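Undergrad: I need the structure of the sequence given here:
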Amino acid sequence: MSKQIGLLRSVVTVVAAVAFIVTWSSGFIIPAYATVDVSPLTLLVWRFVPLAVVLLAVLRLTGGAKGVSARDLRTQATIGLFAQFGYCFAVYGAVAAGIATGTVALIDAVQPLVVAVLVGPVLGLRVRGAQWAGLVIGAVGVLLVVRSQFGSSEATPTAYLLPAVAMVCLIIGTLLQRRSAVTSGVLLTLTIHVSVTAVLLLVIAAVTGTLVPPASASFWLAVVLTAVFPTLAAYGLYWWLLRRVGITALQALLFLIAPATSLAGSILLGEPITIVTVAGFVLCGIGVAVVLTSEARAQGTSARSQETSARSAGKCDVAAHDAR
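TA: Next comes the predicted model:
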């Protein structure tokens, strides 16, 4: 029975990981279409404001906010400020500036290496040698993937700072979430993050005169798609997987975002894919496999160690009982 439960858990985790990669990648592709004739800020504000209203209503009906302290609310609001508002604002700005979607996705390639460096001093976690090797292989793969896209846009050099800002924001949000003692559910977490982002975007859009949306059906279709996939699905899976597989394994999955985005960008937007790009895809897959395999082995070793300790403790109890 335990083997069946373990297999089911693995299948659920794999399906969730694939869904995470696809939905997170959609957050680069959809804005590339939708912001051609519309300000990215307009799309962002209408992506988040209606969704915030819906989530707040659902949270109230389900009573999901009961027992949440003001400290937990402040902590999640701070995480949302970086992980959702800062990240999305910078990504949309980069896409609107004309940077290729695969290049923008480079932020998700550099992030795992930065996090791997920080998890030790910040979180007190150890990144194993095999995991370091996998992260480096994945990083090389992503660099190959985006290499063919540099110079393919008319974006100014300073525009490339936006993906870097997005990367820093998501790293800060992830480390804060992992380090905090807050254990709120995914619904409450998303509601707080989306609401904070919606309020900030609403104020900025009103001040800059980008609040009024166009009446086109394509715009509202993009609003619905971005609300459902890169917001609800991708961010929900991100926080769920963070608890499920740990920070190192989750960061390894981010290596697959750039290849997935580049492939979608090639099919839908005509962005280039070369032999170098394909080689990068292969290296990304190898890097992720190395990290996840190492993580699985470590968890298996830990589980066996705990089981052995429990058995030893049980034998000691029996021996002590017999002695009496």
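Undergrad: what's the closest non-adjacent residue to residue 237?
TA: Distances taken as C-beta to C-beta, 6 or more residues apart in numbering place residue 20 nearest to residue 237, at 4.0 Å, with adjacent residues excluded. For glycine as for every other residue, the C-beta is placed from the backbone atoms N, C-alpha and C.
Undergrad: Next, count neighbours for the one you found.
TA: When neighbours are counted by other C-beta atoms under 10 Å, residue 20 registers 23.
Undergrad: Over to residue 28?
TA: Counted with other C-beta under 10 Å, residue 28 comes out at 29.
Undergrad: switch to numbering from 17
TA: Sure, I'll start counting at 17 from here, so that last one is residue 44.
Undergrad: show me what contacts it?
TA: Each residue near residue 44 by C-beta atoms under 8 Å, 6 or more residues apart in numbering is listed here: 107, 111, 117, 120-121, 277, 281.
Undergrad: Neighbour count, distance to residue 212 and secondary structure for those residues - can I get that in CSV?
TA: Listed next are the contacts of residue 44 as CSV, based on neighbours: other C-beta atoms under 10 Å; distance: C-beta to C-beta, whole Å; DSSP: H, G, I helix; E, B strand; the rest coil:
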residue, neighbour count, distance to residue 212, secondary structure
107, 29, 17, helix
111, 26, 22, helix
117, 28, 26, helix
120, 30, 23, helix
121, 32, 25, coil
277, 29, 26, helix
281, 24, 30, helix
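Undergrad: about what we covered before: in the host helix or strand of the residue nearest to residue 253, what's buried?
TA: For residue 36, the element it lies in under DSSP states H and E is helix 18-50. By 16 or more other C-beta atoms under 10 Å, the buried positions in helix 18-50 come out as 29, 32-33, 35-48, 50.
Undergrad: so what's the residue sitting nearest the centre point of the chain closest to, chain neighbours aside?
TA: In the chain, the residue lying closest to the centroid (C-alpha atoms, centre = their mean) is residue 254, at 4.6 Å. Residue nearest to residue 254 in three dimensions, not counting chain neighbours: residue 36, with 6.5 Å by C-beta to C-beta, 6+ apart.
Undergrad: Tell me how far stretch 25-34 lies from the chain's centre.
TA: The chain centre lies 15 Å from the centre of stretch 25-34; the measure is C-alpha atoms, centre = their mean, to the nearest Å.
Undergrad: who's in contact with that stretch?
TA: Stretch 25-34 has contacts (C-beta under 8 Å, 6+ apart) with 253, 256-257, 260-261, 269.
Undergrad: List only buried entries from these.
TA: Neighbour counting by 16+ other C-beta under 10 Å classes 253, 256-257, 261, 269 among the contacts of stretch 25-34 as buried.
Undergrad: which of these lies closest to residue 94?
TA: Nearest to residue 94 among these is residue 256, at 20.0 Å by C-beta to C-beta.
Undergrad: which helices and strands does the helix or strand where that closest one lies pack with?
TA: Using DSSP H and E, the element containing residue 256 is helix 250-261. On a contact count with 3 or more C-beta pairs under 8 Å, 6 or more residues apart in numbering; DSSP states H and E, helix 250-261 meets helix 18-50, helix 177-195, helix 202-224, helix 263-269.
Undergrad: do you know which of those helices lies nearest residue 61?
TA: helix 202-224 (4.3 Å).
Undergrad: Could you list the low-pLDDT ranges of the stretch 67-216 of the chain?
TA: Scanning the stretch 67-216 of the chain for pLDDT under 70 picks out the ranges 118, 122-126, 128-129, 132-133, 135-142, 161-170.
Undergrad: residue ranges of the helices in it, please?
TA: Taking DSSP state H, counting those that start in this stretch as the test, the helices found in the stretch 67-216 of the chain are 86-96, 103-112, 117-120, 123-134, 145-163, 177-195, 202-224.
Undergrad: Can you tell me which of those is most buried?
TA: Ranked by mean neighbour count, the helices of the stretch 67-216 of the chain are led by helix 117-120 with a mean of 30 (mean count of other C-beta atoms under 10 Å).
Undergrad: Where does residue 289 sit: helix, strand or coil?
TA: Classification of residue 289 using DSSP: H, G, I helix; E, B strand; the rest coil returns coil.
Undergrad: what separates it from residue 281, distance-wise?
TA: Distance, residue 289 to residue 281, using C-beta to C-beta, to the nearest Å: 9 Å.
Undergrad: Please apply the same query to residue 245.
TA: Residue 245 is 16 Å from residue 281, by C-beta to C-beta.
Undergrad: and of the helices and strands packed on helix 250-261, who's closest to residue 302?
TA: Closest among the helices and strands packed on helix 250-261, using C-beta to C-beta: helix 263-269, at 11.0 Å.
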